[in-house]
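Student: Have a look at this prediction, sequence included:
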Amino acid sequence: MKIINRRTVYKGKYLKVIEKKFLTKTGQKGTWECVERKGGVLVFPLTKKKEVILEKIFRIPINDYSIELPAGATDKKNETFREAAKRELLEETGYLASKLMPVFEWELSPWIARSPSILFFAPNVKFVGKKGGEDVEEIEVIKVPLKNLEKFLIKQPKKTKVAISIFGALTLLKIKKLI
């Protein structure tokens with residue numbers, strides 16, 4: 001595969017839509033539309049009592065709520081992934097991470113988007129007070145005992161959206177023996 005041309009179709013505050021012209025391995029021409037997004041962070045926060053901090057957050061793209069781990073974009077000037085993770089956790093949940101351990105780096109949806117992301121583990125987070133998040137964020141904080149997390153997520157009503165990233169983060173943390 002070879003990219004032969006790249007054109008920005010749309011550029012917004014957080015996203016760019018790109019049209020890429022390419023040649024296949026047999027020389028056929030093709031076009032692929034994709035999205036580029038600033039980097040993102042995902043945080044797996046755990047309290048001293050071994051409770052996972054989750055969010056029930058309204059997501060405009062799906063016009064519904066989703067249960068997720070705290071997350072966000074590295075959209076502040078010169079902000080590192082670690083700084084973004086600490087900021088997002090505090091803004092969205094009121095919990096402060098004194099320690100953030102990078103666990104895994106990945107591309108969010110490589111078949112459609114370029115969005116470098118990092119999962120951080122935040123052990124022993126402390127509640128320091130709700131900060132409120134951004135005006136566009138409607139968030140309910142949920143604490144779930146780690147030992148009951150999978151059962152809690154699986155037993156959600158069918159209409160409740162649950163981010164699959166929680167299961168991936170849980171698996172990675174178990175493999176790396178962090179939980």
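Tutor: Arrived safely, thanks for sending. All figures in this text were calculated on a predicted structure; none of them were measured in a lab. Residues are numbered from 1 along each chain as shown.
Student: What is the helix or strand bottoming out on mean pLDDT in the chain packed up against?
Tutor: Using mean pLDDT, DSSP states H and E, the weakest-scoring helix or strand in the chain turns out to be strand 113-114, at a mean of 80. Judged by 3 or more CB pairs under 8 Å, 6 or more residues apart in numbering; DSSP states H and E, strand 113-114 is in contact with strand 29-37. From N, CA and C alone the C-beta is placed, and that goes for glycine too.
Student: then the helix ranked longest in the chain to PDB, C-alphas only?
Tutor: As assigned by DSSP state H, the longest helix anywhere in the chain is helix 81-93. The C-alpha trace of helix 81-93 is given here as PDB (Å, rounded to 0.1, in the frame of the first residue of the first chain):
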ATOM      1  CA  PHE A  81      -0.700  12.800  28.200                       C
ATOM      2  CA  ARG A  82       0.000  12.400  31.900                       C
ATOM      3  CA  GLU A  83      -1.100  16.000  32.700                       C
ATOM      4  CA  ALA A  84      -4.200  15.500  30.600                       C
ATOM      5  CA  ALA A  85      -5.100  12.300  32.500                       C
ATOM      6  CA  LYS A  86      -4.700  13.900  35.900                       C
ATOM      7  CA  ARG A  87      -6.700  17.000  34.800                       C
ATOM      8  CA  GLU A  88      -9.500  14.900  33.200                       C
ATOM      9  CA  LEU A  89      -9.900  12.700  36.200                       C
ATOM     10  CA  LEU A  90     -10.100  15.600  38.600                       C
ATOM     11  CA  GLU A  91     -12.400  17.700  36.400                       C
ATOM     12  CA  GLU A  92     -14.800  15.000  35.700                       C
ATOM     13  CA  THR A  93     -14.900  13.100  39.000                       C
END
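Student: I'd like the average pLDDT over whichever helix or strand comes after it.
Tutor: Next in sequence after helix 81-93, counting helices and strands by DSSP states H and E, comes strand 95-96. Averaged across strand 95-96, pLDDT comes to 96.
Student: Check stretch 150-159 too.
Tutor: 92.
Student: residues making contact with that stretch?
Tutor: I67, V144, V162, I166, F167, L170 (CB atoms under 8 Å, 6 or more residues apart in numbering).
Student: So how do I select the buried members of those in PyMOL?
Tutor: Entered in PyMOL, the line below selects the buried ones among the contacts of stretch 150-159, by 16 or more other CB atoms under 10 Å:
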select buried, resi 67+144+162+166+170
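Student: re earlier: buried residues, the longest helix of the chain. List them.
Tutor: Here helix 81-93 shows F81, R82, A84, A85, K86, R87, E88, L89, L90, E91, E92, T93 as buried, counting by 16+ other CB under 10 Å.
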